[in-house]
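In: Give me a model of this one.
(3 chains)
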Amino acid sequence: MLESLPKARIMGASAVIRARRNRSRIALTDPFSRAGLEAPAPQPGGIAARARAAAGGPRYLEGLNAEQRAAVEALDGPVLVLAGAGTGKTRVLTTRIAHIIAEGRARPYEILAVTFTNKAAREMKDRVAMLAGPVAEGMPWLGTFHAISTKILRRHAELVGLKSSFTILDTDDQIRLMKQVLQAENIDDKRWPARALAFQIDAWKNRGLDPKHVPAGEAAAFANGKGAALYTLYQERLKILNAADFGDLLLECLRLLRDNPEVLKQYQDRFKYMLVDEYQDTNAIQYMWLRLLAQGRQNVCCVGDDDQSIYGWRGAEVDNILRFETDFPGAKVIRLERNYRSTGHILAVAAGLIAHNEGRLGKTLFTDDEAGHKPTVTGVWDSEEEARSVGEEIEQLARAGGAYDEIAILVRASFQMREFEERFITLGLPYRVIGGPRFYERAEIRDALAYLRCVAQPADDLAFERIFNTPRRGLGDATLQLLHDHSRRQRIPLMQAAQFMVETDELKPKQRQVLRGLLSDFARWAGLIDQKPQGELTEMILEESGYTDMWRKDRTAEAAGRLENLKELVRAMEEFPDLGAFLEHISLVMEAEGKDVGPRVSIMTLHGAKGLEFETVFLPGWEEGLFPHQRSLDESGRAGLEEERRLAYVGVTRARRRAKIYFATNRRIHGLWQTTIPSRFLDELPAGHVEVVEAATGAAYGGYAQSRFANMDSFGSSYSTPGWRRAQQRGEETRSAAKSGGFGGAARRGPLQIEGELVASSSAESGFAKGARVFHQKFGYGAVAAVDGNKLTVDFDKAGRKMVLESFVQAA
DNA sequence: CATTCGAGCTTTTTT
DNA sequence: AGCTCGAATG
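Out: Take a look at the predicted model:
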């Protein structure tokens, strides 16, 4: 290991600057340095020309190398394309789609193309359109797993106990709902946090496990054995709310297909060709979903790179890619190893790093490009200097004519972004943070959406709870509690419960009045859904509810921005045909505003950077504990370490011409400064291909080499500690459990269907007769004077004549 | 019912 | 360090 240490070459800061300036000039006159994704294949020896002549093929096939072309043209039967970073993966996928359409093998709507992220889906759509023209515009089945599942689910929602208008809950809603479930079960949510249960249930769903099939051991692990029961309750609540969380979109869709062969057949027949992007990131349930649909025609093409599998923590199984050939017998496997993105040194560094992983399918990337600049490793004193130094380097690049949008800073964890942001603000460097809080995650947007959800889907309790006292209207916990009591007892939505309660004397007059007003507002707005364009309606709702006023009166700094965001929301929704389409879109794919305001430096996480490329990439924070992340190591042992290494590999391979790695000796974690150890990944970089440089800020710190030697041993030994071994074991257990994770079995439950409309279920006979003695929590004892459905008029001994709901009294 | 203050906790990554 | 949540107070 010692010999793999990069040679420490210390030079003076000014020398570094001079050298770099020269380099920049060279790079910028380089023909490959131009912007654009996946530069066209520079074909040596006229192979492309010959191929083209031989085939006389369509233009979209031009410029593909032999392997790419093979991957595009192998239309029949299962195909696995192992595509290394920068080998033209997306190009193959999009060209393949164009090819299928051009050959008349299938119409655009008969092609299923699945991606992992919305970003990838959008890009694919755009690029197919570029290749195949407007024919491809209507590819309704190009999207993320979640988006496509949703689409299928909406069409057959009744079959799984939902209505097709079901709401999609995000993580926030999920946790709030979970809290209610825990509360109802009297479980101390200090000891068993809702968050943890939500996480657990999500993990189960990712493995395709419904409550019935959760392994007993795992179910028992939460809340003294109540894990599975809570899962069941949670699912019941979701059905009552007519809602699905992210996991459900896939799980319920799978259940739908499994339990309804005729529906399955319909989709198997429809999807003549299936394409899957980033196959290495599929988790167990996505895999089951895919296999089920692909069983029909077997024309499935999966593209992936086992070295870029970075979502193991979310249940992704690299094994899916490793066993493709077993699951799809006769599959063609095509490797794309020619890299068109990065220069030689960068590729060598990436290769040297990833070679430390075991259990790879093994690919060797190569390039005809020049060797280029060696990736640099820079040690700095602390994270502040790191930000300063990176800022300085960027300014140098800019002065040399580099474009800001060709520069990215890729961090391991989002908290690292802050320091760069602060620095760039003082420098006046234009930057943008990618993957920060999403547009629709902002409070004001969520509030506005909650109003819309209340109007469009009266069963949406979570939405109702969110805004029933926003803006403040004097309704609080006490009122909510009463509503909850009634709603839970009658198994009806909150708003319906509220509808009953404004008729009776349970609530204090003031609250009753306010609530009645609110409900009638909702009813009035609901009546306007089909009358008014959704944008106009939204403005009206926000105005009349006093919501916008609330922010106008708010004198805090963000208030103006929030109002701005609301305007943006209204503007965005006007582009949709109707409110439903908009709500659908926003819960799955809405992204932060995309106004282009000139070129900017991108700051994002390594995960967010997958699939992107930049001229220059900064990789700060290569320190033990941060990268590789401690948590990853603790939770998944060696598997975790390998995933971190793949993340590093992804980071390095984002760079076309320059990769700049940083590590700091001191970093502030949770507010306090801690001394850190350089990442072990630094040791793994092939010495001949990296250059160790001093920080551009010139603060003399040459501690890198020494600290490495000093700490070498502790790395070696940490592998044999009991804790580590335990962690490793745990990792393996979970993985094997996931593998065997089945689902099968018939549908359970008679779904708890409820009416979404505010229709009185008062036709039900009352259990009380006139004259009966009753007891009421608040009003005490009394005698029933009249019965009207579930409403009772009671003469209370002390409180006098009151109208109460039956569910609030008991026989005395 | 709203506001204020203190305690405790968190910080990977995403649909 | 900063934030969210809960308890105490007005």
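In: give me the low-pLDDT residue ranges for the stretch 1-150 of chain A?
Out: Counting by pLDDT under 70, the stretch 1-150 of chain A shows low-confidence ranges at A:1-57, A:135-137.
In: With chain A instead?
Out: Using pLDDT under 70, chain A drops low at A:1-57, A:135-137, A:436-437, A:589-596, A:696-766.
In: Show me the strands in the stretch 251-400 of chain A, by range?
Out: In the stretch 251-400 of chain A, the segments counted as strands under DSSP state E, counting those that start in this stretch are A:273-276, A:300-304, A:332-336, A:376-382.
In: Please identify which of these is closest to DNA strand B.
Out: Shortest distance between DNA strand B and the strands of the stretch 251-400 of chain A, using Cβ to the nearest atom of the strand, is found for strand A:273-276: 14.5 Å. Every C-beta, even on glycine, is put in place using the N, C-alpha and C of the backbone.
In: quick one, what contacts the residue nearest the centre of chain A?
Out: By Cα atoms, centre = their mean, the mean C-alpha position of chain A lies nearest to residue A:117, the distance being 7.3 Å. Contacts for residue A:117 (Cβ atoms under 8 Å, 6 or more residues apart in numbering) come out as A:144, A:611.
In: Please report how far it lies from residue A:554.
Out: Shown here: residue A:117 relative to residue A:554, a distance of 34 Å by Cβ to Cβ, to the nearest Å.
In: now residue A:206
Out: For residue A:206, the distance to residue A:554 (Cβ to Cβ) stands at 40 Å.
In: Counting neighbours, go ahead and name the busier of the two.
Out: residue A:206 (22 against 14; other Cβ atoms under 10 Å).
In: quick one: contacts for the residue lying closest to the more buried one once chain neighbours are set aside?
Out: Take residue A:206 and drop its neighbours on the chain: the residue closest to it by Cβ to Cβ, 6 or more residues apart in numbering is residue A:315, 3.5 Å away. For residue A:315, the contact set (Cβ under 8 Å, 6+ apart) comprises A:203, A:206-207, A:283-285, A:738.
In: List phi and psi for residue A:315.
Out: Per-residue torsions, residue A:315: phi 100, psi 0 (degrees, to the nearest 10).
In: Over to residue A:242?
Out: Main-chain dihedrals, residue A:242, degrees, to the nearest 10: phi 50, psi 50.
In: show me what contacts it?
Out: A:162-163, A:165-167, A:457, A:459-460, A:754, A:756.
In: Mind doing that once more with 7 Å?
Out: Taking Cβ atoms under 7 Å, 6 or more residues apart in numbering as the criterion, residue A:242 is in contact with A:162-163, A:165-167, A:457, A:459, A:756.
In: Need the winner for burial among the strands of the stretch 251-400 of chain A.
Out: Sort the strands of the stretch 251-400 of chain A by mean neighbour count, taking mean count of other Cβ atoms under 10 Å, and strand A:300-304 sits at the top with a mean of 26.
In: Show me how far that one is from its chain's centre.
Out: 21 Å (Cα atoms, centre = their mean, to the nearest Å).
In: One more: stretch A:474-489?
Out: 33 Å.
In: same thing with stretch A:469-476?
Out: For stretch A:469-476, the distance to the chain centre is 32 Å (Cα atoms, centre = their mean).
In: contacts for that stretch?
Out: Contacts of stretch A:469-476 (Cβ under 7 Å, 6+ apart): A:447, A:468, A:510-511, A:514-515, A:546-547, A:550.
In: Up against DNA strand B, what does the stretch 201-350 of chain A have?
Out: Residues of the stretch 201-350 of chain A lying near DNA strand B by Cβ under 7 Å from any atom of the strand: A:246-247, A:310, A:313-314.
In: Now name the helix or strand holding residue A:644.
Out: Assigned by DSSP states H and E, residue A:644 falls within helix A:630-652.
In: Relative to DNA strand B, which residue of the stretch 301-450 of chain A is the closest?
Out: Counting by Cβ to the nearest atom of the strand, the stretch 301-450 of chain A gets nearest DNA strand B through residue A:414, at 2.9 Å.
In: List the residues that contact that residue.
Out: For residue A:414, the contact set (Cβ under 7 Å, 6+ apart) comprises residue A:605.
In: What of the one 10 residues further on?
Out: With contacts taken as Cβ under 7 Å, 6+ apart, residue A:424 has the following neighbours: A:391, A:431.
In: Looks to me like it is in a strand.
Out: No. Judged by DSSP: H, G, I helix; E, B strand; the rest coil, residue A:424 forms no part of a strand; its state is helix.
In: ok, it to residue A:241 distance?
Out: Computed as Cβ to Cβ, the residue A:424 to residue A:241 distance reads 43 Å.
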